[in-house]
Structure formats: C-alpha cells, structure tokens
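Participant: sequence first, then the predicted structure:
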Amino acid sequence: MIEKKIKTIEVYQGDLLHLQKDSVELSNGRISTREWIRHPGAACCIPILPNSEIGLIKQFRYAIGEEMIELPAGKLNKNEKPIECAIRELEEEIGYKTQKVTLLTEIHPAVGFCNEKISIYLAEELKKTKINLDSDEFIELIPTKLNKALELIENGIITDAKTIIALLWYEKYLSKNIKKTIKK
C-alpha cells in the first residue's frame, strides 16, 4: 500500500506552512496526485501550576474565527528539538519555567493533508518567571482543575484536538502513577 513519489511541485511557501502537490504511483501502478502541507512540527505542554491546577490558555484563532481554550503550544523553530520548544512556549505564553518535563505521547493531528507531528509533554515543578508573548499573540491564562478541564471537553467547550488528547493522556498518566503508588 506504499505510494511512490514521482514529482513534487511546491505550490506555496509561507513563513509557517509549505503546500506541496505531488504526483505519486499508487500500489496498483496507477498515477495520482497528493496535495499536502509540510509543517515544521510542534510541541505542546500540560503545565501543572504550583497550586496543582492545569495552565490552560484562551486565545483567538483566526482560521476558525473563535477564541479557543487550549494548552500552551507552538511550532518548532529551525533545528529546535520538541522538548526545547515546549519549554520555550511554556515560558513565553504563561510565564513559567519547568524543572521537570515528561514526554507523554506524539500525535499527527491531520494525517489526511499535513505531516505535522506534535510532541506532548507534562511540565511539572514550575517556577514563575515572566510572560514573553510574540507581538501578535494575546493570551489569557486560565488555571483549571483536571476534572473541570475534562468537563469542558465533555461539554464541547474545549474542541482543540491536541488539548483533548493531552488532557486524556494526563488523566491516564495520573491513574497509572496512583496504581504504582498503591502497590508499593
């Protein structure tokens, strides 16, 4: 079922995204076209604030024309590792440095048209620093208990895929750690 790339045309090259149009040979020998977005990758973190709440954020997302409740995240800079991106975005967006980072999972949120991979981290043992937003970012920190965040997912208030996946992974992570603690 592998498709072999024959030719690539770069349709558009932007600051963030690059639109490709590839001619491919299908596994049955036929030729087809694939349009897809080349993305540099991203990182997301679940910040556990000193009061044990999760540091959700609210920001306007132009593509959908709405304010979204999400977790701090951002695209990788050139030659940046996902863990470095997660740590950088945490401080830029909510003004905290982390002393402990754990990779929970990696996801591909839009495999039908994009190669983006998001690494999702848990950020604990946070120390307050200073918010350092990009000039075009406007973000509100919303400290939230995990059970409330899960309710926001169930009620359709949080619809951002990376945030939903990250919070569900965090819930799973907590239940595994609780089981480990009980067994000792």
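Facilitator: It's in.
Participant: and the closest residue to residue 58 other than its chain neighbours, how many neighbours?
Facilitator: Nearest residue to residue 58, sequence neighbours excluded (Cβ to Cβ, 6 or more residues apart in numbering): residue 140, at 4.4 Å. Heads up, the C-betas are built off the backbone N, CA and C, glycines and all. By the other Cβ atoms under 10 Å criterion, the neighbourhood of residue 140 contains 11 residues.
Participant: give me the most central residue, this structure.
Facilitator: Centroid check for the chain by Cα atoms, centre = their mean gives residue 44 as the closest residue, at 3.9 Å.
Participant: would you map out the domains in the chain?
Facilitator: 4-38, 42-183 (automatic domain parsing).
Participant: most packed of those domains?
Facilitator: Of all these, domain 42-183 has the most neighbours on average by mean count of other Cβ atoms under 10 Å, namely a mean of 16.
Participant: distance from it to the middle of the chain?
Facilitator: Its chain's C-alpha centre and that of domain 42-183 lie 7 Å apart, by Cα atoms, centre = their mean, to the nearest Å.
Participant: offset the numbering so it begins at 51, please.
Facilitator: Sure, I'll start counting at 51 from here, so that last one is domain 92-233.
Participant: quick one: mean pLDDT for it?
Facilitator: Average pLDDT, domain 92-233: 94.
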